[in-house]
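Colleague: return atomic coordinates for the entry below.
(one chain, ligands or ions: 1)
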Amino acid sequence: MIARLRLPRSSPRVRRSARAYCEADNWSFDSRYTQGKCPICGWQPEGAPNAPDWLALVNRVDWQIVGLFLLVDVLFLLGLVVANAAGLLPVGHPPLGGPSTLGGVASGVRGP
Ligand SMILES: [Zn+2]
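Modeller: As a prediction, this is how the structure comes out:
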């Protein structure tokens, strides 16, 4: 998981030429923004990148796993909020944001 998310910094970055020229159409195009194909005839130059660098990086992330962990985190936080409101958390502190149930009275009774 972590290895998949790490940025590819181990090898020196080589700026690839993204311009391609289609002989059939006399058309020069940037294959990063045409999904690696000629926008007119669909010819696919060899070794041409089919996405910008940031999009290639985003496509490598498994967003379903990220969403699953985010959902688990949110549900765990929601469970803590509900358990705190129901007084199910270990004693030692009053429920956060609620009236104190441990001492009975929040503040001592003042004089006459
Ligand atoms: Zn073409």
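Colleague: residue numbers of this protein in contact with the ion?
Modeller: Counting by CB under 5 Å from the ion, the chain comes close to the ion at Cys22, Ala24, Asp25, Cys38, Ile40, Cys41, Trp43. Any C-beta I mention is one placed from the backbone N, CA and C, and that applies to glycine too.
Colleague: for PyMOL, what selects the buried ones among these?
Modeller: Buried residues among these (16 or more other CB atoms under 10 Å), as a PyMOL selection:
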select buried, resi 22+38
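Colleague: which ones among the residues of the chain next to the ion map onto helices?
Modeller: Among the residues of the chain next to the ion, no residue falls in helices (DSSP state H).
Colleague: just the residues of the chain next to the ion: which are in strands?
Modeller: Among the residues of the chain next to the ion, the ones falling in strands (DSSP state E) are Cys22.
Colleague: make CSV out of the residues of the chain next to the ion and add distance to Trp54 and pLDDT.
Modeller: Below are these laid out as CSV (distance: CB to CB, whole Å; pLDDT from 0 to 100):
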residue, distance to Trp54, pLDDT
Cys22, 25, 94
Ala24, 31, 94
Asp25, 28, 93
Cys38, 23, 94
Ile40, 26, 95
Cys41, 28, 95
Trp43, 25, 93
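Colleague: ok, so of the residues of the chain next to the ion, who is nearest Pro52?
Modeller: Closest approach to Pro52 among these (CB to CB): Cys38, at 17.8 Å.
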